[in-house]
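Peer 1: structure of the sequence below:
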Amino acid sequence: MPYEITATRKRPQTFDDLAGQDFVSTTLRASIASGRIAHAYLFSGPRGCGKTSTARILARSLNCERGPTDKPCGVCDSCVSIARGSSLDVIEIDGASNTSVENVRQIKDEVLFPPNSSKYKIYIIDEVHMLSNSAFNALLKTIEEPPPYIVFMFATTELHKVPATIKSRCQQFNFRLFALDVIRDLLRSAAADLGIEADDDALLWIAREATGSMRDAYTLFDQVASFSEGRITAAKIRDKLGLVGSERMGALMGLCVAGDRKGALETLDAILGSGVSVEQFASDAVSYARSLLFIASGVEKEALLGAALSSFPPELVSGLDAPRLERMIAGLFDLYRDMRYSVNPRWELELAVSRLCAIRDYVSPAELSRTIRAMKSAIADGRAPGAASVGAALRQASGEVPSSQAERPEPVVSREGVGTGAGMAAAMGAAGEAEPASEPAVPAGETARAIAAGVEGPDELDLSALRSAALGAVGKNRVVLSTCLERSGRWSIEGEKLVIPCQNGYDAGAVLADAGLLAKKILEISGRSLRIEPRAAEAAPRQAPAPKNDDGDDPDDGDDGPADPVGIVEKVFRGRRVGEARRADDRAESSGGYAADAERSE
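Peer 2: Below you'll find the model as predicted:
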């Protein structure tokens, strides 16, 4: 008896044999049992998931001598001929090689004749999306109102290429990829039929490589069975197909987690020297890291892990958490993409492995945020060493103590900077000190007032120090405000108002827009609630345009008088004042018109 490949030998012959497509088999069985047989069916889905096999099963169910029945006998002439592909009433057409309108016209002529010896004349068109638009248009009327003995069955892997006019005339069934467990069980049955022993981890690897396609799984199974000598094992698959293997991959990952760059690079060289390609190693590394991520997330299902849980070293599982594994997988994905455009793909792989050796040092943003919050809490509560001098500042910034209390904790102000930014810098520095700050802490109620007042007493402010402190507090967050304050003149206090003389109206408007923020910072620094009042300098008197030299420049560029903004623009862009020129022309024209009228009246 000639050899028959597993995909053909294990092709399902009844709806009971159709595994992994329960929705399709249940619906078709119910329609046959109730006698509601459609004139056109459209089966869509990925390759190797049973579309053509289902069409043949449905054809046998309709043309069986006992039928239509959902359980064809398989022994009558019709069932046997359909199984062999020799039935005259079941015509299979390859849509990829019969794409023209002439082929469809031949079908239109043939449907006029009733079936030879069966109840139905069935057309199975595989890869129907390959038909041309003219062929689809020629087929429309035929599949919409065919003779009662005609049934069309279309199969396609690219449903989006089938015209909507065809879809609307067919009953559509979407086939799904096979689950990993289903493929493994079918492979175990195929191995038992051939008398071949197969390890579960080997069958699981074949099922995973098939990516949901049963035909691909059978094809790979035949390839592995040909060199396994009666027993399929993972070691034989690794050696013959040039795979890394879970043992060697686990050893390499363990060296990376331990930070042993030398050992990891030497192990990588040994793996590549055994015949494993760089691309295959990258693919296996991603799959292995993915399994580790699932284990770190609490997943123990072997169908998802792709291997038994016991095959992963415990020290590797406990040595990496989910954020670091996510970082590792992202780096391996980048490696796979970068290898395509690299000078040397192996060098890219060695660089990626070297970087993986520092994976334990990676700190995720979430962990960093938690650490900073814990540090701030420890400093504010005074638990951290050296936090006494800055605890009051952080408590005030977080709003834990009302600002209306007489003894209000204030931010620590140093000569280098004050306010929130400087307070955080001092807090971070104090957290890292082994001893308290060298400068003695000032009582909470007098801290800012004593620093800001200097030697002038508790009720008077050193406005120069206050200005420097305010600039340091708003400099990083309000660049425009900080710039306007730097250009301002000497500050003064009038009652409960802080007067800020600004250089021009724009600066005054900018300070006024952020007056609330500036007042809050002043309150935090000095302890006094002051209302901000920016005052712009007096506008310069309007002057006539200065006479120009022959080359267009002003005769006296070194004039120290009041700056005329329009004059500056004229000087930079070498222009003239169009508005004033127009007004002068209007006045001249107007006076000339009056003179002409006077002459006419005389």
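
Peer 1: quick check on the most centrally placed residue in the chain: phi, psi?
Peer 2: Residue closest to the average C-alpha location in the chain (CA atoms, centre = their mean): residue 330, at 10.9 Å. When read as degrees, to the nearest 10, the backbone of residue 330 gives phi -60, psi -40.

Peer 1: for it, report the pLDDT, please.
Peer 2: For residue 330, the model assigns a pLDDT of 92.

Peer 1: quick one, what contacts it?
Peer 2: Contacts for residue 330 were tallied using CB atoms under 8 Å, 6 or more residues apart in numbering; there are none. Every C-beta, even on glycine, is put in place using the N, C-alpha and C of the backbone.

Peer 1: same thing with residue 288?
Peer 2: Counting by CB under 8 Å, 6+ apart, residue 288 touches 246, 249, 250, 253.

Peer 1: per-residue confidence for residue 365?
Peer 2: So, for residue 365, pLDDT stands at 84.

Peer 1: and for it, the neighbour number?
Peer 2: Neighbour count for residue 365, taken as other CB atoms under 10 Å: 8.

Peer 1: next: residue 196.
Peer 2: Close neighbours of residue 196, defined as other CB under 10 Å, add up to 16.

Peer 1: now do it, the pLDDT please.
Peer 2: For residue 196, pLDDT reads 88.

Peer 1: then the one 5 residues further on?
Peer 2: What the model reports for residue 201 is a pLDDT of 84.

Peer 1: that one against residue 234, yeah?
Peer 2: Yes. Contact criterion CB atoms under 8 Å: residue 201 and residue 234 qualify, at 4.8 Å.

Peer 1: just for the stretch 1-150 of the chain, where's the confidence low?
Peer 2: Residue ranges of the stretch 1-150 of the chain with pLDDT under 70: 1.

Peer 1: now the helices for it?
Peer 2: Per DSSP state H, counting those that start in this stretch, the stretch 1-150 of the chain carries helices over the ranges 6-9, 22-34, 51-63, 77-84, 101-110, 133-144.

Peer 1: and of those, who's closest to residue 503?
Peer 2: Checking these against residue 503 by CB to CB gives helix 133-144 as the closest, at 73.3 Å.

Peer 1: I'd like the next helix or strand past that closest one.
Peer 2: Downstream of helix 133-144, the first helix or strand assigned by DSSP states H and E is strand 150-156.

Peer 1: for the helix or strand that comes right after that next one, packing partners?
Peer 2: Per DSSP H and E, the first helix or strand lying C-terminal to strand 150-156 is helix 164-167. Counting contacts by 3 or more CB pairs under 8 Å, 6 or more residues apart in numbering; DSSP states H and E, helix 164-167 is packed against helix 133-144.

Peer 1: how is the protein carved up into domains?
Peer 2: Taking automatic domain parsing as the reference, the chain has its domains at 6-174, 242-361, 364-445, 446-539, 544-602.

Peer 1: distance from the fourth one to the middle of the chain?
Peer 2: In this case it means domain 446-539. Here domain 446-539 is found 45 Å from its chain centre; the criterion is CA atoms, centre = their mean, to the nearest Å.

Peer 1: quick check: mean pLDDT of it?
Peer 2: Mean pLDDT, computed over domain 446-539, is 77.

Peer 1: hmm, back to that, which one of the helices of the stretch 1-150 of the chain lies nearest to residue 218?
Peer 2: Across the helices of the stretch 1-150 of the chain, closest to residue 218 is helix 6-9 (CB to CB), at 4.0 Å.
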